[in-house]
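Visitor: Sequence and computational prediction follow.
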Amino acid sequence: MLQNLMVAVIQMVSAKNVESNLARAEQSVVEAVEKGASLIALPEYFPSMHSDSSYKLKIAEQYGKGVIQDKMAELAQKHNVWIVAGSIPVKGRQADKVTNTSLVFAPDGHCVARYDKVHLFDFQRGEEIYKESDSHEAGLQPVCFDTPWGRIGLAVCYDLRFPELFRKLDNPDIIIVPSAFTVPTGQAHWELLLKARAVENQCYVLAPAQGGVHENGRSTWGHSMIIDPWGEVLSEVTEAGDAVICAELSRDRFNEIRQQLPAWLHRRL
């Protein structure tokens, strides 16, 4: 098992056009590779942020094929890295809905994990309204995958508010949460929730986020983070805009925290 793992979290302010967003994502992946990262995570809906919810249906891909998936597979293989492709719209069981899906590509370019967002975001504050359930199908199960460093669990954005999902991840070493938090909810709860998930699960948390004012007029909170199992922030994006941050995850640090305070073993319920 690897003792240390250099990871990168990518923050974006995705526009509407898929092609331009993929080009920007590729630039960020190259930057992460140049910084030494071997596991790279993109934010929620990095290929497109559009004001028309039906647009996701137009760009949705069949699982296993499509321009977005092909590009992520190509980048993983070309740079010999793990890529957690934030989330993308994948065609659902119903013709008029998609799944908000996080895909993981191994260094050989193969997709080794698929997670469909379980909790759909319905929010209203004055004229600011989001109703993900109108255009999305909810996922049905938690998902983990294995790497040479350890076991990694997946979640997406609004999932962060449901600790029971993370308990179902079967003791992960890392949790990755691609997100696009609104400014009001992000300002109030983003860092608090990320730290809570890290501390209660005694694992590293990687949180790549959308962050800034988008072409569609929407504002997202950003503040992408990498957090250790003690709840300490190892790296953070403090300003709006595209960014790449890195941190080295230590197996010794992980083991030390779990040995000194073995809360995971003390669960009773």
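Guide: Looks like it arrived, so ask away.

Visitor: those strands in the stretch 151-269 of the chain, which residues are they?
Guide: Assigned strands in the stretch 151-269 of the chain, in chain order: 151-154, 174-176, 204-207, 211-213, 219-221, 225-227, 233-236, 243-250 (criterion: DSSP state E, counting those that start in this stretch).

Visitor: ugh, typo on my part, it should be the stretch 1-150 of the chain
Guide: Under DSSP E, counting those that start in this stretch, the stretch 1-150 of the chain gives strands at 4-11, 39-41, 82-84, 88-91, 98-105, 111-116, 122-125, 128-131, 136-137, 144-146.

Visitor: give me the low-pLDDT residue ranges for the chain?
Guide: 123-129 (pLDDT under 70).

Visitor: From the centroid of it, which residue is nearest?
Guide: Pro178 (2.0 Å; Cα atoms, centre = their mean).

Visitor: from the chain's centre, how far out does stretch 4-22 sit?
Guide: 10 Å (Cα atoms, centre = their mean, to the nearest Å).

Visitor: Would you work out how far apart the start and end of that stretch are?
Guide: End-to-end span of stretch 4-22 (Cα to Cα, to the nearest Å): 29 Å.

Visitor: Need the winner for burial among the strands of the stretch 151-269 of the chain.
Guide: Compared across the strands of the stretch 151-269 of the chain, strand 204-207 shows the largest average neighbour count, a mean of 28 (mean count of other Cβ atoms under 10 Å). To be clear about C-beta, it is placed using only N, CA and C from the backbone, and glycine gets the same treatment.

Visitor: Quickly run through the sheet partners of that one, with directions.
Guide: Sheet partners assigned to strand 204-207 using DSSP bridges are listed as strand 174-176 (parallel), strand 225-227 (antiparallel).

Visitor: Columns distance to Asp252 on top of those strands, output as a markdown table?
Guide: Below are the strands paired with strand 204-207 laid out as a markdown table (distance: least, Cβ to Cβ, whole Å):
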| stretch | distance to Asp252 |
| --- | --- |
| strand 174-176 | 15 |
| strand 225-227 | 17 |
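
Visitor: quick one: which of the ones you listed is nearest Gln187?
Guide: Shortest distance between Gln187 and those, using Cβ to Cβ, is found for strand 225-227: 14.2 Å.

Visitor: one step back: the strands of the stretch 151-269 of the chain into TSV, with extra columns for distance to Leu39?
Guide: Shown next, in TSV, are these (distance: least, Cβ to Cβ, whole Å):
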stretch	distance to Leu39
strand 151-154	8
strand 174-176	8
strand 204-207	8
strand 211-213	20
strand 219-221	23
strand 225-227	11
strand 233-236	14
strand 243-250	9
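
Visitor: So for Asp134, which of these sits nearest?
Guide: strand 219-221 (19.5 Å).

Visitor: how far out from the middle of the chain is that closest one?
Guide: On Cα atoms, centre = their mean, the centre of strand 219-221 falls 15 Å from that of its chain.

Visitor: Which elements pack onto that strand?
Guide: Applying 3 or more Cβ pairs under 8 Å, 6 or more residues apart in numbering; DSSP states H and E, one finds that strand 219-221 makes contact with helix 183-201, strand 211-213.

Visitor: Nearest to Glu34, out of the ones you listed?
Guide: Ranking those by distance to Glu34, with Cβ to Cβ as the measure, places strand 211-213 first at 21.4 Å.
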